[in-house]
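K.L.:
Quick one, structure for this:
(chains A and B)
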Amino acid sequence: QQQVKQSPQSLIVQKGGISIINCAYENTAFDYFPWYQQFPGKGPALLIAIRPDVSEKKEGRFTISFNKSAKQFSLHIMDSQPGDSATYFCAASPISGSRLTFGEGTQLTVNP
Amino acid sequence: GAVVSQHPSRVICKSGTSVKIECRSLDFQATTMFWYRQFPKKSLMLMATSNEGSKATYEQGVEKDKFLINHASLTLSTLTVTSAHPEDSSFYICSATGPRNTGELFFGEGSRLTVL
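P.N.:
Sure thing, here's the model as predicted:
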């Protein structure tokens, strides 16, 4: 019940295209759903996060879509750039605290 | 945003020695910090939750006598890998709950441990 499943494992997109990464969870107690970006040899950095009371959140080129009934959420990167090439992790944490459960990660490559 | 600093960023040690990794919250107080371990091309695995002034809570399967965690102040948590072996080589990352307790976690830059 604590798992967060993420797909695809890897993704190759052309510059200017849309990158879409999907996650699904089981635990209905999860209340906070962040996305992290990680470059090689660095710690994860928060990109954008959403709570279940909204279905979509947009910040610049990054959008989270959230489907509470399906227990799924996704990250959309519009106008993908080579600098977006990194590993992306979805995560979730319960109402009571900030103990995060991470998805398996998606290696995104944006070709010039 | 809140800044979490980790030190050292890279460390190489011999088998059998102990290594200490520090995690500091630079501009906020963190009553709770988390330690993660990450293998190459894998996800982050939570090792333990560190609470200021109390014993750490370890995840199932994590040896608390091998991975000693101390959270002596509101801005510092340390992870000591005792009697390190090559299989302990990994990327260790700490994180801290942000100052507004919104559930947002801020991560350190990570520490790459290589045990020879």
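
K.L.:
separation between A:Ile64 and A:Arg51?
P.N.:
According to C-beta to C-beta, to the nearest Å, A:Ile64 stands 10 Å off from A:Arg51. Every C-beta, even on glycine, is put in place using the N, C-alpha and C of the backbone.

K.L.:
Between these two, which has more neighbouring residues?
P.N.:
A:Ile64 (23 against 14; other C-beta atoms under 10 Å in any protein chain shown).

K.L.:
What are the neighbouring residues in contact with the more buried one?
P.N.:
A:Phe33, A:Trp35, A:Ile48, A:Ala49, A:Ile50, A:Glu56, A:Lys57, A:Lys58, A:Phe73, A:Ser74, A:Leu75, A:His76 (C-beta atoms under 8 Å, 6 or more residues apart in numbering or on different chains).

K.L.:
Same question for the fourth one, what's its three-state structure.
P.N.:
Read it as A:Ala49. strand (DSSP: H, G, I helix; E, B strand; the rest coil).

K.L.:
what's the pLDDT at residue 51?
P.N.:
Answering for chain A, as no chain was given. On the pLDDT scale, A:Arg51 is placed at 90.

K.L.:
Chain B, not that one
P.N.:
pLDDT at B:Asn51 comes out at 87.

K.L.:
now A:Asn67
P.N.:
According to the prediction, A:Asn67 has pLDDT 95.

K.L.:
Tell me how many other residues surround it.
P.N.:
So A:Asn67, with other C-beta under 10 Å, has 13 neighbours.

K.L.:
That one against A:Val54, yeah?
P.N.:
No: contact criterion C-beta atoms under 8 Å: A:Asn67 and A:Val54 do not qualify, at 11.5 Å.

K.L.:
Mutual contacts of A:Ile64 and A:Arg51, please.
P.N.:
Between them, A:Ile64 and A:Arg51 share the contacting residues A:Phe33, judged by C-beta under 8 Å, 6+ apart.

K.L.:
Now, the contacts of A:Ile64 that are in strands?
P.N.:
Residues of the contacts of A:Ile64 located in strands (DSSP state E): A:Phe33, A:Trp35, A:Ile48, A:Ala49, A:Ile50, A:Glu56, A:Lys57, A:Lys58, A:Phe73, A:Ser74, A:Leu75, A:His76.

K.L.:
Give me the pLDDT for the third one.
P.N.:
It refers to A:Ile48. For A:Ile48, the model assigns a pLDDT of 93.

K.L.:
Kindly state the beta-bridge partners for it.
P.N.:
Beta bridges link A:Ile48 to A:Trp35, judged by DSSP bridges.

K.L.:
Identify the residues contacting it.
P.N.:
A:Pro34, A:Trp35, A:Lys57, A:Glu59, A:Phe62, A:Thr63, A:Ile64, A:Leu75.

K.L.:
how about 10 Å then?
P.N.:
Going by C-beta atoms under 10 Å, 6 or more residues apart in numbering or on different chains, A:Ile48 touches A:33-37, A:57-60, A:62-64, A:75.
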